[in-house]
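>>> Sharing a model prediction with you, sequence too.
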Amino acid sequence: MAYGPVTAEAAGRKRRYMRKEGGCNVVFRNLPHEWLRLVADIFTTLVELRWRAMLLLFALSYILSWLFFGILFWVIALAHGDVQDRETEPCVYQVRSFTAAFLFSLETQTTIGYGARGMSENCAVAIVVVTVQDVVSCFIDTFVIGIAVAKMASARKRAQTVGFSHCAVVNLRDGHLCLSWRVGDFRSNHLVEGTARAQILRAEVHATGRVDVSYRDLLIQQPDIVLVTPTAVCHRIQEGSPLYGMSAAELRRSDLEVLVSFTYTDDSTGTLHQTRTSYTQDDIRWGHVFQEMIRAGGSRYAVDYLLFNRTAEVPAPQISAQAYGLKRSPSPRDRAGKNDAAAARAR
């Protein structure tokens, strides 16, 4: 059985609910109070912004704050008469134009302090404005640093270093048909411990456009995994499995989607992460096994990640696990004959 790249025709046949990188292929419309919810949780909203949008927003927040307080200092200088040369003490020294007022605002908020411009201790209004500007500056700096750190330490970024194989395989293991896929940590010197989970998703589209979505859990043989090296996660196709009565041909014609996830704790930060992906009928290779990645050499084990997504074709029944189990199990007549032969040998 040959498996090439997924064509546009095959890709259009099935709408994924979950993209390969783990994002949901769903668009939400007419959410109630959408903008209010975004503003109410402004920190999460800013963390979820793209880097370019976030950097532009923060740059504008600094520039606009400098501009706003620069206008206030310019108004104070105009009202106090600092623009004209007067013998009385000015409210703000060396502020005789709007440009000078803007520079004084910038120097105050960034604590540059060149020394040319300064504030008089006898001008209460200027003192109040400088105090408010310092408080606003602290809030802006806190948001910028906090959100930047949160984005750099985002669980999504760490999830990109723990991933799944591009395809899943169906083959025989210990006399049973099994569906399996690989999960591996793409960073060295990390110990990741977590739990694997899988579900079958089916979406039935009616003629009216209404969509019925159903989920069924897949039983994982060993869900708890210590991810020292890449590991194959296995689901045994047995009675009770959604795949139990499905042959290779029926699987290729089906519209199912296997949603898989791996929830784990990073040993470096102690943070809980989750990596997700999905496999459609075009991503499942019946009669294939994953190639071995681990080799023993010297005092260490070598893991070759070039083989992470590679499979090899092996003999496997093309019938369903249910039919294969009936074919392997002896009939009542055969079991009776074996019992009679055993009894005869015993006599």
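The structure has been received and is ready for your questions.
>>> shaky segments in the stretch 201-347 of the chain?
206, 209, 268-269, 329-347 (pLDDT under 70).
>>> So which residues of it form strands?
Counting by DSSP state E, counting those that start in this stretch, the stretch 201-347 of the chain has strands at residues 211-218, 224-227, 231-236, 257-266, 272-280, 284-286, 288-290, 294-297, 300-303, 311-313.
>>> In TSV, list these along with mean neighbour count.
Bear in mind the C-beta positions are built from the backbone N, C-alpha and C, glycine included. Output for these, formatted as TSV (neighbours: other C-beta atoms under 10 Å):
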stretch	mean neighbour count
strand 211-218	12
strand 224-227	14
strand 231-236	20
strand 257-266	20
strand 272-280	21
strand 284-286	21
strand 288-290	20
strand 294-297	9
strand 300-303	11
strand 311-313	16
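>>> With distance to residue 71 as new columns, can the ones you listed be given to me in CSV?
Listed next are the strands of the stretch 201-347 of the chain as CSV, based on distance: least, C-beta to C-beta, whole Å:
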stretch, distance to residue 71
strand 211-218, 54
strand 224-227, 57
strand 231-236, 61
strand 257-266, 48
strand 272-280, 46
strand 284-286, 64
strand 288-290, 66
strand 294-297, 67
strand 300-303, 62
strand 311-313, 66
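>>> Minimum distance to residue 151: which of those strands has it?
strand 272-280 (15.0 Å; C-beta to C-beta).
>>> which strands and helices sit next to that closest one?
helix 155-159, strand 162-164, strand 257-266 (3 or more C-beta pairs under 8 Å, 6 or more residues apart in numbering; DSSP states H and E).
>>> mind exporting that strand as PDB, just the C-alpha atoms?
Extracted C-alpha coordinates of strand 272-280, given in PDB (Å, rounded to 0.1, in the frame of the first residue of the first chain):
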ATOM      1  CA  LEU A 272       1.900  21.900  33.200                       C
ATOM      2  CA  HIS A 273       1.700  21.700  29.400                       C
ATOM      3  CA  GLN A 274      -0.300  20.000  26.800                       C
ATOM      4  CA  THR A 275       0.500  19.000  23.200                       C
ATOM      5  CA  ARG A 276      -2.200  18.000  20.800                       C
ATOM      6  CA  THR A 277      -2.700  16.900  17.200                       C
ATOM      7  CA  SER A 278      -5.100  14.900  15.100                       C
ATOM      8  CA  TYR A 279      -5.000  12.000  12.600                       C
ATOM      9  CA  THR A 280      -7.600  11.700   9.800                       C
END
